[in-house]
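Asks: Predicted model, plus sequence, below.
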Amino acid sequence: MSVDTTLVKCPECNSRDLVYDENRGERHCNECGMVLEDTMIDPGAEWRTFTQDGGGQDRSRVGAPVSSLLHDRGLTTDIDWQNKDFSGSAISHKYRSQMHRMRKWQKRARTKGSKERNLSEALTRIQYICSKMNLPKSVAERSADIYRKALDEDLIRGRSIEVTAGASVFIANQQMLTARTVEDVAIILKLNPKEIGRTYRFLKRRLMIRTPPPSPLTYVSRFCSELDLNSDTENKVREIIKMAEEKELTYGKSPTGITAAALYIAGYQMNQIRTQREISDVTNVTEVTIRNRYKGLLDSLDFELEI
DNA sequence: AAGACGAAAGTGGTTGA
DNA sequence: TCAACAACTTTCGTCTT
């Protein structure tokens, strides 16, 4: 499967400089920042040809990859134990229909233990969340790894699979800088962001996972595109944030708050004004916080904002 | 009427004794 | 384990355009 190439030019500014961001699973125009498709699938090589053994046209060069998204990592053998349990006779490779039934059988047997069942349920949820958020497979796999560890360490007990799966996905997102927030995950699961946040911190601590401290810069392109700001303004936002980071004005503050404030300021400077309300809606930061942040930034960066 | 402002009280997390 | 603390939110009355 390859990247969808139907669009070669940006419909907005006709630039051919289109960039695919693997982490974010979206393609955007490098000129004007317009997001072209955000429903794309991971463009990585299509290696997962489990059943294409007929016709001698196995496209796979390395065999099926080990995927964390299969609860047994796709590594169990099909034939082994079936000789005993199924029909008693050895199964010939020739009969595919029989193979098919065996697989079905095995699928049931595989999900036997409670941990196994928990895991396979969780992996379903993880894939669901990731596909809803248009995240590439790499993020889903990272999430699955995290969940698996949590299960090994017995951290799931007393917690719902859903919340833990959501938290795992969020950790993976933090690690891979995908500009997603806890709210994004919470909305999809129709859960309280706080629950997910709590479990997120809990898992991180117990599994000793470190995530890079989120920079306000991470969210710039996403928010700019949601607010319909042009690339000049986007660059201005980045500039402001970088100055703020250099002066260490960002420590201990919520990164989205800083981004929101920078958006507000840049909007005025570049004459692409967005109201605090609009920015608040997109960034999920209250207007009060936007005010506090942007005043702080203006003070410390000797900017002026003639309004 | 819409947007911005800021005071005051409340929430939930972190830190340090 | 608890209290102090900082950041942030909610709510709401006021001012400005």
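Replies: Received it, and whenever you're ready, just let me know what you need.

Asks: near DNA strand B, which residues of the stretch 151-300 of chain A show up?
Replies: Within the stretch 151-300 of chain A, the positions adjacent to DNA strand B are A:K194, A:G197, A:R198, A:R201, A:I273, A:T275, A:Q276, A:R277, A:E287, A:V288, A:R291, A:K295 by CB under 7 Å from any atom of the strand. Glycine gets a C-beta too; all of them are placed from N, C-alpha and C.

Asks: hmm, 6 Å instead?
Replies: By CB under 6 Å from any atom of the strand, the residues of the stretch 151-300 of chain A that approach DNA strand B are A:K194, A:G197, A:R198, A:R201, A:T275, A:Q276, A:R277, A:V288, A:R291.

Asks: got TSV for the residues you listed, with neighbour count, pLDDT and secondary structure too?
Replies: Formatted as TSV, these follow (neighbours: other CB atoms under 10 Å; pLDDT from 0 to 100; DSSP: H, G, I helix; E, B strand; the rest coil):
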residue	neighbour count	pLDDT	secondary structure
A:K194	10	94	helix
A:G197	17	95	helix
A:R198	14	95	helix
A:R201	12	95	helix
A:T275	12	97	coil
A:Q276	19	97	helix
A:R277	10	97	helix
A:V288	10	97	helix
A:R291	13	97	helix
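
Asks: which ones are touching the residue in the stretch 1-150 of chain A positioned nearest to DNA strand C?
Replies: Per CB to the nearest atom of the strand, A:M133 is where the stretch 1-150 of chain A lies closest to DNA strand C, at 20.8 Å. Applying CB atoms under 8 Å, 6 or more residues apart in numbering, we find A:M133 in contact with A:V169, A:R180, A:D184, A:V185, A:I188.

Asks: And the residues of the stretch 151-300 of chain A next to DNA strand B, which is closest to A:E116?
Replies: Checking those against A:E116 with CB to CB, the nearest one is A:R198 at 26.4 Å.

Asks: Pull the contacting residues for the closest one.
Replies: With CB under 8 Å, 6+ apart, A:R198 has no contacts at all.

Asks: what about it, distance to A:K115?
Replies: 23 Å (CB to CB, to the nearest Å).

Asks: now do A:R277
Replies: Applying CB to CB, the value for A:R277 to A:K115 is 48 Å.

Asks: Right, I'll call it a day here.
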